[in-house]
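A.B. asks: kindly return the folded structure for what I paste below:
(one chain, ligands or ions: 4)
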Amino acid sequence: MCPLCRAQRRLAFRNERAFYKRKCDRCDKDVVSMYSPSKRYRVWCYDCWFKDDWDPLVYGRNYDSTRSFLEQFEELWNEVPKIGLMHMRSVNSEYVNISADNKDCYMIVESSNNEGCTHCYWIQECKDCVDVSFASKTELSYESDDCYDSYKLYYSKGCHDCRDSFFLFDCKDCSDCIGCVNLRSKKYHIFNRPYSKEEYERFLADAKLDTHEGVEAMRKKFEAFAETQPKKYAEIYNSVGCNGGYIKNAKNCNYCFHCYESEDSKYGVHVWRNAKDCMDVDTAGRNAELVYNSMNSGIDISHYICSSLCWTCSFMEYSYYCFNSNHCFGSVGLRKKDYCILNKQYSKEDFEKLRETIVADMKKREEYGEFFPASVSTFGYNETAAQDQFPLKKEEALKQGFKWEDTTRGTYGKETVKWEDFPAEIDPTKTVFACIDCSKNYRVIPSEFAFYKKLHIPVPRLCPDCRYARRIGNRGPNHLWKRACSCGGSSSKDGKYKNTVAHVHSDKPCPNEFSANVPPEKNKMLYCEACYNAEVG
Ligand SMILES: [Zn+2]
Ligand SMILES: [Zn+2]
Ligand SMILES: [Zn+2]
Ligand SMILES: [Zn+2]
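C.D. replies: Residues are numbered from 1 along each chain as shown. Ligands and ions are numbered 1, 2, ... in the order given. Next up is the predicted model:
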């Protein structure tokens, strides 16, 4: 399989955000779960699953050399109880997934060490944020993506160290700015022009950014202005020998997206915090080493092949949901176990012999090195991250061997207010809204409403799913295309932007090419590193 198909297969196992109410199959409590009530698996709540009073080895079985190993794994996999939502050490944050160490958070995914955050994706050490993705050390911010070390930053993307600003793109060390692109260390700027404090404040008051209409009008103006400004071909900073996007402090990371403090890796998404020698990975971090074709691998792991959600483990192959275990093959749900195959305990010598036999058998069947077959996934394609990156219609997904989930999430037509009548004297936390895009009903939880009120942000008219889709869509896909520099000499090739300084290629068009995650049909003004640096610095 090619790298993109390998990624698609893995992601079809990754349900990040599709949650349902269902009963824990052990304690009977109503819980929130990644598994719709129609799923036939045994699903246990977090407390039941992580209790020490059950032994996953009871599901152990012998290997049968006459049959496909992956088929036998699937039979084991279907038996072992599943974890409803995957999180650890959460305080007052039961609606979070693939996350750890969060307090007072709601609907956040892939996030650690946050407090008071709602509807966020991949945030670390953030406080009081709503609708924020890919952020760290950011506070009181709203609807932003890829912003770091910022405070009161709204509707922004690709910014560092910014505060009290709206609609910024690729700005650093700015405060009190509106609608700016590529600025460094500026204050009181509107659409990249300087103003006095008084003029700025008057503009801000007139913009009425506390109303839906004001925000949408400014969004339109900003998008039109941003189109006239060059963008760096890819967000790659302080890195050598890297290509992909959203890369920082990395070395030799190839075709990687969202990658930092990592080296010698390829085809990775979320490769971070001292990951080394990782290939075909979706999330490999916190000292992950020698990982291949795997997902959610992290916290001091190494020698990890075709596995998922095994934390603090080494020498793992074809295993799922194992913790603090080593030398396991085709095992599920183990904790502190070594030398197991299909959840059966072996001596070191017997393990090594049997492992060799199985690998040889798998190679004969051309299975070894491939991720689990699509039939093993417990999720419908439409519930997984695969749908974000490789969207398919139901028929296409089924034809390609993926599953599909038909349970509708959420309700439609149950809204208690029409947007035409809003704002009225109503309490949003007691109101059911309908999304102006997909019509799905949604609510605003009290802490979220308190956030909007405190920061004078209008209650969003899109549902959380549509808001998420818009932010993620703006990041571009995790694919690369060959593109040419848009610098035409003294201006951009489309003439929309006049260069401010002379470039090394003088007034001839820049000959540089690069890889960018922007498909050729998207007419974006992309500048190569040299031309971008000449203009922006
Ligand atoms: Zn339970
Ligand atoms: Zn919607
Ligand atoms: Zn150029
Ligand atoms: Zn140029």
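A.B. asks: now do the helices in the stretch 51-200 of the chain.
C.D. replies: Secondary structure of the stretch 51-200 of the chain by DSSP state H, counting those that start in this stretch: the helices cover 69-79, 197-207.
A.B. asks: hey, which of these is tucked in deepest?
C.D. replies: Counting by mean count of other CB atoms under 10 Å, helix 69-79 has the highest mean neighbour count of the helices of the stretch 51-200 of the chain, with a mean of 18. Where C-beta positions appear, they are placed from N, C-alpha and C, glycine not excepted.
A.B. asks: packing partners of that helix?
C.D. replies: Helix 69-79 sits against helix 348-364, with contacts defined as 3 or more CB pairs under 8 Å, 6 or more residues apart in numbering; DSSP states H and E.
A.B. asks: quick one, the helix it packs on and helix 69-79 angle?
C.D. replies: Orientation of helix 348-364 against helix 69-79 (axes from the mean of the first three to the mean of the last three CA atoms, to 10 degrees) gives an angle of 110 degrees.
A.B. asks: quick one: name the residues of the stretch 401-537 of the chain near ligand 4.
C.D. replies: The stretch 401-537 of the chain comes close to ligand 4 at residues 487, 503, 510, 531, as judged by CB under 5 Å from the ion.
A.B. asks: tell me what the one residue in the stretch 351-500 of the chain that gets nearest to ligand 4 is bridged to.
C.D. replies: Nearest residue of the stretch 351-500 of the chain to ligand 4: Cys487, at 3.1 Å (CB to the ion). Bridge pairing for Cys487 (DSSP bridges) gives the partners Ser492.
A.B. asks: what distance do you get for it to ligand 1?
C.D. replies: Applying CB to the ion, to the nearest Å, the value for Cys487 to ligand 1 is 59 Å.
A.B. asks: which among the helices of the stretch 51-200 of the chain is found nearest to ligand 4?
C.D. replies: Closest among the helices of the stretch 51-200 of the chain, using CB to the ion: helix 197-207, at 31.8 Å.
A.B. asks: what average pLDDT does the longest strand seen in the chain get?
C.D. replies: When the chain is parsed with DSSP state E, its longest strand is strand 256-285. Strand 256-285 shows a mean pLDDT of 96.
A.B. asks: try stretch 293-309
C.D. replies: Average pLDDT, stretch 293-309: 94.
A.B. asks: just the CA coordinates of that stretch, formatted as CSV?
C.D. replies: Extracted C-alpha coordinates of stretch 293-309, given in CSV (Å, rounded to 0.1, in the frame of the first residue of the first chain):
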residue,chain,number,x,y,z
ASN,A,293,2.7,1.9,10.9
SER,A,294,1.1,2.6,14.3
MET,A,295,-1.2,5.0,16.1
ASN,A,296,-1.3,6.7,19.4
SER,A,297,2.1,5.5,20.5
GLY,A,298,3.8,7.3,23.2
ILE,A,299,5.4,7.8,26.6
ASP,A,300,8.8,6.0,26.4
ILE,A,301,8.1,3.4,23.8
SER,A,302,10.3,1.7,21.2
HIS,A,303,10.3,-1.2,18.7
TYR,A,304,6.6,-0.8,18.0
ILE,A,305,5.1,-2.2,14.9
CYS,A,306,1.5,-2.1,13.6
SER,A,307,0.0,-1.3,17.1
SER,A,308,-2.2,1.2,18.6
LEU,A,309,-2.8,2.9,21.9
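A.B. asks: tell me the residues of the protein that contact ligand 4?
C.D. replies: 487, 503, 510, 531.
A.B. asks: need the contact list for the last one.
C.D. replies: If I follow you right, that is Cys531. Contacts for Cys531 (CB atoms under 8 Å, 6 or more residues apart in numbering) come out as 230, 485, 487, 499, 503, 510, 512.
A.B. asks: quick one: buried residues of stretch 520-528?
C.D. replies: 524-528 (16 or more other CB atoms under 10 Å).
A.B. asks: now the helix or strand that contains Ala7: buried residues?
C.D. replies: Taking DSSP states H and E as the definition, Ala7 sits inside helix 3-11. Neighbour counts using 16+ other CB under 10 Å place 6-11 of helix 3-11 among the buried residues.
A.B. asks: ditto for stretch 359-374
C.D. replies: The neighbour-count check on stretch 359-374 (16+ other CB under 10 Å) flags 359, 361-362, 367-372, 374 as buried.
A.B. asks: ok, the residues you listed vs ligand 1, which is closest?
C.D. replies: Nearest member of the buried residues of stretch 359-374 to ligand 1, counting by CB to the ion, is Phe372, at 26.0 Å.
A.B. asks: close to ligand 2: what parts of this protein are there?
C.D. replies: The chain comes close to ligand 2 at residues 435, 437-438, 440, 463, 466, as judged by CB under 5 Å from the ion.
A.B. asks: what about 8 Å?
C.D. replies: Residues of the chain lying near ligand 2 by CB under 8 Å from the ion: 435-440, 442, 462-467, 469.
A.B. asks: okay, and the beta partners of the closest residue to Ser165 other than its chain neighbours?
C.D. replies: Among residues not flanking Ser165 along the chain, Cys177 sits closest, at 4.5 Å (CB to CB, 6 or more residues apart in numbering). Assessed by DSSP bridges, Cys177 has beta-bridge partners His189.
A.B. asks: need the contact list for Asn92.
C.D. replies: The contact partners of Asn92, taken as CB under 8 Å, 6+ apart, are 103-104.
A.B. asks: tell me the pLDDT of it.
C.D. replies: 92.
A.B. asks: count of neighbours near whichever residue of the stretch 51-200 of the chain sits closest to ligand 1?
C.D. replies: Closest approach between the stretch 51-200 of the chain and ligand 1, counting by CB to the ion: Gly84, at 8.0 Å. Gly84: 27 surrounding residues under other CB atoms under 10 Å.
A.B. asks: likewise the one 5 residues further on?
C.D. replies: If you count neighbours by other CB under 10 Å, Arg89 ends up with 12.
A.B. asks: does it touch Lys103 like I think?
C.D. replies: No: here Arg89 lies out of contact with Lys103, judged by CB atoms under 8 Å, at a distance of 9.5 Å.
A.B. asks: and whichever residue of the stretch 151-300 of the chain sits closest to ligand 1, what is it in contact with?
C.D. replies: Per CB to the ion, Asn296 is where the stretch 151-300 of the chain lies closest to ligand 1, at 22.2 Å. Residues counted as contacts of Asn296 (CB under 8 Å, 6+ apart) are 14, 98, 282-283, 308-309.
A.B. asks: nearest to Glu74, of these?
C.D. replies: Ser308 (14.0 Å; CB to CB).
A.B. asks: now the closest one: how far from Phe13?
C.D. replies: For Ser308, the distance to Phe13 (CB to CB, to the nearest Å) stands at 6 Å.
A.B. asks: Asp146 now?
C.D. replies: Per CB to CB, Asp146 is found 26 Å from Phe13.
A.B. asks: closest to ligand 1 out of the residues of the stretch 401-537 of the chain next to ligand 4?
C.D. replies: Nearest member of those to ligand 1, counting by CB to the ion, is Cys531, at 57.8 Å.
A.B. asks: just how off-centre is the helix or strand containing that closest one within its chain?
C.D. replies: For Cys531, the host element (DSSP H and E) is helix 529-536. Taking CA atoms, centre = their mean, to the nearest Å, one finds the center of helix 529-536 at 29 Å from the center of the full chain.
A.B. asks: what's the answer for stretch 472-480, then?
C.D. replies: 11 Å.
A.B. asks: next: stretch 116-127.
C.D. replies: Offset of stretch 116-127 from its chain centre (CA atoms, centre = their mean): 12 Å.
A.B. asks: can you get me the start-to-end distance on that stretch?
C.D. replies: Length of stretch 116-127, first residue to last, CA to CA, to the nearest Å: 6 Å.
A.B. asks: go ahead and confirm Tyr20 touches Asp30.
C.D. replies: No: assessed by CB under 8 Å, Tyr20 is found out of contact with Asp30, at 10.8 Å.
A.B. asks: returning to what we had before: what's near enough to touch the residue of the stretch 351-500 of the chain closest to ligand 4?
C.D. replies: By CB under 8 Å, 6+ apart, the residues touching Cys487 are 230, 493, 499, 503, 505, 509-510, 527-528, 531.
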